[in-house]
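Chemist: Model the following, please.
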Amino acid sequence: MNKNFHYHAIKTIARETGFREDDAELIACCSQLVDDFTDFKPFFAKNVPDYAKHLTIPVTFGSYVVDLFIPVSTGFSLLTTPSEKVQKLSIIPFHFIPEKHKLNEHVDSRAEWRTVPARMDRQSLIQTKMLEILSNSNMEYQDKLVSLGLLLHTFADTYAHQMFSGYHGWENYCQLSGVYNVLDSNSNHDLSNSVINYIGQRLLAVGHANVAHVPDDTEQRFTFRLKTSENSDYDIFYGRSNPIEFTKCAREINGIMEKFLLINGRKDDIKYFTKSRWESFTVNLCRAMLQQSEDLLNQHWHSIFGYDYHYSRDNVFGVSQQHDDLTENPDFSCKYAKLKELIPNTPLAIGYKMNNNYYRFNVQAYDLRSFVNGGNVVDEEREKMVEIINNIQKI
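Modeler: Residues are numbered from 1 along each chain as shown. Predicted structure coming up:
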């Protein structure tokens, strides 16, 4: 899915369900941030909360004590074929989560890595993580909103990305036979025999890169064929209308949001949908999803639902503030220069103060990533960095 759903539709569903303006905005922003959060540079920080310390490397440079925080990137680019590491750390956990198998488990066929639309009445990996957030009584309400937004992105992507996996493999080879704008029956584009499509099958068969953005576009309907096995013909025929499929997802999300409010003592805020109200809402939701120009999205959705839409990263994470005392401290500056010399290929940021939402987002992302991978992900680069830092600290 794209911003049209991950931000605008999520905020709209939240408001229609009964969430207050600021809470709905936070949930929707965190949902969209999963696509946009590409932070990867470790940075030095002095305000990392205890619950996020496992994402840091503690550093003592002389008399100076600080943490090196390592962000958990959730966004990615398919301009080139991502490495298997990127597939496991970013693409699969957040965008192409398998239905039941963790990445360290055996599957009989690669087809089992394909994403399946999630439901809260059917066990799946994302349903398990969603239930954890709904039942968590120890987390602060604000932190739950951040975590809910992040998980809703992955939950929603199971509808857009169904039939594809986040790995590079034959299960993503695809013959796209028709793409239509739902408002224009004459808009068919046949890509099944194009050179780009063929090359994509062999080189860009990660997720739905083989068929570009078609599965995400909220105004499209399409048909294509997939393989049952690596050596089979394209014997699976599949087609759908994205607006209709995405309204099914919206109904599931509405149920999650109702339960969230109920469990968190906001029962009086819930605006339950009657059958007629839901039917009216879905008509407007489909109409809203037809707009694809990002410059017009805020105005378009406001004209239909009356809510304000103003997504930005700063709305969630605030503006990062640099730690001036880091550069001024001689113990830190001298050994920081040595650190950059020893690991020249690992970008380091000098040091920032980040707000709680930033750390909570990263912790939830790390938790989901570890869960999908079947355990804490061992990062060789991190281990090398720890060794280098330990040696510098001894100087």
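Chemist: Low-confidence ranges, the stretch 201-350 of the chain, go.
Modeler: In the prediction, the stretch 201-350 of the chain carries residues with pLDDT under 70 at positions 201-203, 324-325, 327, 344-348, 350.
Chemist: which residue ranges form the strands in it?
Modeler: Applying DSSP state E, counting those that start in this stretch to the stretch 201-350 of the chain gives strands spanning 220-226, 236-241, 321-322.
Chemist: Mind putting these into JSON lines with mean neighbour count?
Modeler: In this view, the C-beta of every residue, glycine as well, is placed from N, C-alpha and C. Formatted as JSON lines, the entries for the strands of the stretch 201-350 of the chain read as follows, by neighbours: other C-beta atoms under 10 Å:
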{"stretch": "strand 220-226", "mean neighbour count": "20"}
{"stretch": "strand 236-241", "mean neighbour count": "14"}
{"stretch": "strand 321-322", "mean neighbour count": "12"}
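Chemist: of all the ones you listed, which lies closest to D295?
Modeler: Closest to D295 of those is strand 220-226 (C-beta to C-beta; 19.7 Å).
Chemist: Give me the helices and strands touching that closest one, please.
Modeler: strand 174-181, strand 236-241, helix 242-263 (3 or more C-beta pairs under 8 Å, 6 or more residues apart in numbering; DSSP states H and E).
Chemist: Got the phi and psi for K41?
Modeler: phi -80, psi 120 (degrees, to the nearest 10).
Chemist: That one touches A349, doesn't it?
Modeler: Yes - assessed by C-beta atoms under 8 Å, K41 is found in contact with A349 at 4.9 Å.
Chemist: neighbour-wise, which of the two wins?
Modeler: For K41 versus A349, neighbours defined as other C-beta atoms under 10 Å are more numerous around A349 (16 against 12).
Chemist: Please name the nearest non-neighbouring residue to L261.
Modeler: Taking C-beta to C-beta, 6 or more residues apart in numbering as the measure, L261 lies nearest to I270, with 5.1 Å between them; neighbours along the chain are not counted.
Chemist: Run a quick neighbour tally on that neighbour.
Modeler: Using other C-beta under 10 Å, I270 is surrounded by 16 other residues.
Chemist: How about the contacts made by it?
Modeler: Applying C-beta atoms under 8 Å, 6 or more residues apart in numbering to I270 gives the contacts T17, G18, E258, L261, L262.
Chemist: The third one and T223: what is the separation?
Modeler: Per C-beta to C-beta, to the nearest Å, E258 is found 35 Å from T223.
Chemist: One more: the first one?
Modeler: Summarising the geometry, the distance separating T17 from T223, computed by C-beta to C-beta, is 33 Å.
Chemist: Kindly report the same for the second one.
Modeler: When C-beta to C-beta is applied, the distance between G18 and T223 equals 38 Å.
Chemist: Throw the strands of the stretch 201-350 of the chain into JSON lines and include distance to F332, thanks.
Modeler: Listed next are the strands of the stretch 201-350 of the chain as JSON lines, based on distance: least, C-beta to C-beta, whole Å:
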{"stretch": "strand 220-226", "distance to F332": "53"}
{"stretch": "strand 236-241", "distance to F332": "55"}
{"stretch": "strand 321-322", "distance to F332": "13"}
